[in-house]
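Q: sequence unknown, structure follows:
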């Protein structure tokens, strides 16, 4: 698997993870919200906590009722549960479980006979109950820590209003957290009132009250007694938790802002390493070959902009055509008696005088020949065999390395910027994979900033990795002139109007156009122009012309695709591992 394919998989995983985490699909065409919640607490002198809750539900669609899950810590209990409703007829079903919760299931009906459910309506739900062992009496202070809104609700609440009635009217201290949800709060004598802004799903809103011990009975039977001082410990824990929350709240913002380093750095890298040098050349197009470099060299420097200096398959095909032009390989088209082509045969003559890379191309094809002849028409069929495809691809990789060795890349291109940007892109993807999930798994609102920044960074990092090398790298002056000239020739070759205005003087030039057009990825365009300018093209007795005329270029392209496809599906390294077999899958019903 190539590095670029690996990055594609990473990015697809990141995007899929983000989508699944942010979006919940619901086939049920209904919804509800809680527009307002009221919580009224009364702390008795005996330590009993009386709770009254009101929830304003807005239902869109048909519903059977609502539920309320109340967590109980060790030693706590709930008694005297009562339920009522306005806008519906309620029926309470209590469920006592061993999972540390009191589960209340409240069925709602639109009629007094309890035969019709509710639909598209607003309902106020009233719940009241008493809790014991919730108020804690230390040696120096009485304390109540109570969540007015819990993080386990299925939806958030638009607003919460709370009233807390204390046993005494002086010496009380209260704290509401998280502080970002406080809208207003005050204490008047023995009553605390508080109002929150919108509380999202997954968040909580909590009250902490410290009360003088003298406000409680000597025998506060419903309170929990702890034989140690509590005030200093409670305030220290509160300060530590607030500081920690504030730290992470700011940390998520900083982690998100750090993603801006990547685009800023990319801009700096471009300005420092990516801007092209000024050159004297200002030609519009080229009619003649700008240099005498072989086609595979031109291909490596001009056509493969993802890895400048490394040839691609277009260069391999151009090298084959060049070998045909050099007579190292000759063409024999099998013609039947009806003058229809039956096979296209390559005859191997000699590799004497060839460069190292050309010899590799010669050998890569010669290996599949019989009696010095390769039937190109059936070449792709041979590459459907795993061992043959693997051998051929190894030879292609050898050829790529050989061509790279023949090029003094520093003479033409400075890849410092592109190397730095690739490293930065890899680190950016890693960082994005870390901070995006980190933002998902926090209740802090600033976590969303971290998620968005992480996804944006991942996309940006992937994009800069996939960019052409000459975006952040740059040509040398000689390389820039080289690139412009060959690119102008490419423009000339694909512009039929220019070729018509300046047609080649001989078939030799057309052959060069075909060979170097293949190297530049425009062989088909050149051949189409050639047919327009030379209607009798099939009458030319030349191997390069015949190679195109009988479809040799297309046959080799098919062969390359076949070898790569065979290789991609032939990996058997996991064979024998449990769970690694073919088939299987599953099914079901819904």
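A: Structure received. Quick caveat: nothing in here was measured; it's all calculated off a predicted structure. Residues are numbered from 1 along each chain as shown.

Q: C-alpha from now on. contacts and neighbour counts both.
A: Will do.

Q: dump the residue contacts of residue 412.
A: Each residue near residue 412 by CA atoms under 8 Å, 6 or more residues apart in numbering is listed here: 475-480, 482.

Q: domains of the protein?
A: For the chain, the structural domains run 33-255, 290-414+474-568, going by automatic domain parsing.

Q: got JSON lines for the ones you listed, with distance to residue 266 too?
A: Output for those, formatted as JSON lines (distance: least, CA to CA, whole Å):
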{"stretch": "domain 33-255", "distance to residue 266": "18"}
{"stretch": "domain 290-414+474-568", "distance to residue 266": "14"}
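
Q: right, so those domains: which one is the most enclosed?
A: Mean neighbour count (mean count of other CA atoms under 10 Å) peaks for domain 290-414+474-568 among the domains of the chain, with a mean of 18.

Q: on that earlier part again, let's see which of the contacts of residue 412 end up in strands.
A: residue 475 (DSSP state E).

Q: Which of the domains of the chain sits closest to residue 459?
A: Comparison of the domains of the chain against residue 459 by CA to CA identifies domain 33-255 as nearest, at 16.4 Å.

Q: now the end-to-end length of that closest one.
A: 33 Å (CA to CA, to the nearest Å).

Q: Check the model's average confidence along that domain for me.
A: Mean pLDDT, domain 33-255: 90.

Q: and if you look at stretch 381-389?
A: 84.

Q: now, which of the contacts of residue 412 sits nearest residue 295?
A: Looking across the contacts of residue 412 and measuring by CA to CA, the closest to residue 295 is residue 482, at 13.6 Å.

Q: Tell me who's in contact with the closest one.
A: Residue 482 neighbours (CA under 8 Å, 6+ apart): 290, 412.

Q: Against residue 197, how distant is it?
A: Relative to residue 197, and taking CA to CA, residue 482 is found at 65 Å.

Q: what do you get for residue 273?
A: From residue 273 across to residue 197, the span is 51 Å (CA to CA).

Q: And for residue 77?
A: 30 Å.

Q: Could you do residue 549 as well?
A: 76 Å.

Q: now swap in residue 474 and tell me
A: Taken as CA to CA, the span from residue 474 to residue 197 is 55 Å.

Q: before we move on, what about residue 495?
A: Counting by CA to CA - residue 495 and residue 197 are separated by 66 Å.

Q: what's the pLDDT at residue 6?
A: 49.

Q: can you check residue 287 too?
A: For residue 287, pLDDT reads 86.

Q: these two touch, right, it and residue 491?
A: No: counting by CA atoms under 8 Å, residue 491 is not a contact partner of residue 287; they are 9.9 Å apart.

Q: Now the residue nearest to residue 79 when sequence neighbours are not counted. Its backbone dihedrals?
A: In this structure, residue 79 finds its nearest non-sequential neighbour in residue 130, 5.1 Å apart by CA to CA, 6 or more residues apart in numbering. According to degrees, to the nearest 10, the main-chain angles of residue 130 amount to phi -110, psi 140.

Q: Can you name the residues bridging to residue 130?
A: residue 50, residue 79 (DSSP bridges).

Q: Which of the contacts of residue 412 fall in helices?
A: 477-480, 482 (DSSP state H).

Q: what about stretch 93-112, how long is it end to end?
A: OK, stretch 93-112 end separation, CA to CA: 17 Å.

Q: and it, how far from the chain's centre?
A: Computed by CA atoms, centre = their mean, to the nearest Å, the chain-centroid distance of stretch 93-112 equals 42 Å.

Q: now swap in stretch 425-433 and tell me
A: For stretch 425-433 - counting by CA atoms, centre = their mean - the centre lies 11 Å from the chain centre.

Q: and it, which residues are buried?
A: 425-426, 428-433 (16 or more other CA atoms under 10 Å).

Q: ditto for stretch 454-468
A: So for stretch 454-468, counting by 16+ other CA under 10 Å, buried means 454-462, 464-465.

Q: Let me see the contact set for the closest residue to residue 137 other than its chain neighbours.
A: Leaving aside its sequence neighbours, residue 137 sits nearest to residue 225 (CA to CA, 6+ apart; 4.8 Å). Residues near residue 225 by CA under 8 Å, 6+ apart: 136-138.

Q: could I get the residues you listed as TSV with distance to residue 528 and secondary structure?
A: Formatted as TSV, the contacts of residue 225 follow (distance: CA to CA, whole Å; DSSP: H, G, I helix; E, B strand; the rest coil):
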residue	distance to residue 528	secondary structure
136	90	strand
137	94	strand
138	94	coil
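
Q: Could I get these in JSON lines, plus columns for distance to residue 385?
A: Listed next are those as JSON lines, based on distance: CA to CA, whole Å:
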{"residue": "136", "distance to residue 385": "78"}
{"residue": "137", "distance to residue 385": "81"}
{"residue": "138", "distance to residue 385": "81"}
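
Q: out of these, who's nearest residue 263?
A: The closest of the contacts of residue 225, once distances to residue 263 are taken by CA to CA, is residue 136, at 53.9 Å.

Q: For the residue nearest to that closest one when sequence neighbours are not counted, what are phi and psi?
A: Counting by CA to CA, 6+ apart, residue 136 lies nearest to residue 224, which is 4.7 Å off, once chain neighbours are set aside. Note on residue 224: its backbone torsions stand at phi -100, psi 130 [degrees, to the nearest 10].

Q: Residue 224 and residue 43: what is the separation?
A: From residue 224 to residue 43 the distance is 13 Å (CA to CA).

Q: Quick check: neighbours shared by the two?
A: residue 135.

Q: Would you check that the residue nearest to residue 136 makes contact with residue 135?
A: Yes: Residue 224 is within contact range of residue 135, at 6.2 Å (criterion: CA under 8 Å).

Q: Mutual contacts of the two, please.
A: By CA under 8 Å, 6+ apart, the residues touching both residue 224 and residue 135 are residue 47.

Q: what's the offset of stretch 452-460 from the middle of its chain?
A: Distance, centroid of stretch 452-460 to centroid of chain: 8 Å (CA atoms, centre = their mean).

Q: Sorry, wrong one. I was asking about stretch 155-165.
A: 38 Å.

Q: and the end-to-end length of that stretch?
A: Using CA to CA, the two ends of stretch 155-165 sit 28 Å apart.

Q: Show me the contact partners of that stretch.
A: 33-43, 148, 190-203.

Q: Just the ones in strands from those residues, please.
A: Residues of the contacts of stretch 155-165 located in strands (DSSP E): 33-43, 148, 191-196.

Q: what's near enough to touch the closest residue to residue 122 other than its chain neighbours?
A: Closest residue to residue 122 apart from its sequence neighbours, by CA to CA, 6+ apart: residue 58 at 4.5 Å. Going by CA under 8 Å, 6+ apart, residue 58 touches 32-35, 120-123.

Q: quick one: residue 58 is in a strand?
A: Yes: Residue 58: assigned to a strand according to DSSP: H, G, I helix; E, B strand; the rest coil.

Q: can you pull up the bridge partners for it?
A: Bridge pairing for residue 58 (DSSP bridges) gives the partners residue 33, residue 122.

Q: Next: the one 5 residues further on.
A: Residue 63 has the following beta-bridge partners by DSSP bridges: residue 118.

Q: From residue 157, how far off is it?
A: Following CA to CA, the distance that separates residue 63 from residue 157 is 19 Å.

Q: Same question for residue 368.
A: Taking CA to CA, one finds residue 368 at 73 Å from residue 157.

Q: which residue ranges form the strands in the stretch 51-200 of the chain?
A: Taking DSSP state E, counting those that start in this stretch as the criterion, the stretch 51-200 of the chain carries its strands at 62-63, 65-71, 77-86, 89-96, 101-109, 118-119, 122-132, 136-137, 142-149, 160-165, 173-177, 182-188, 191-196.
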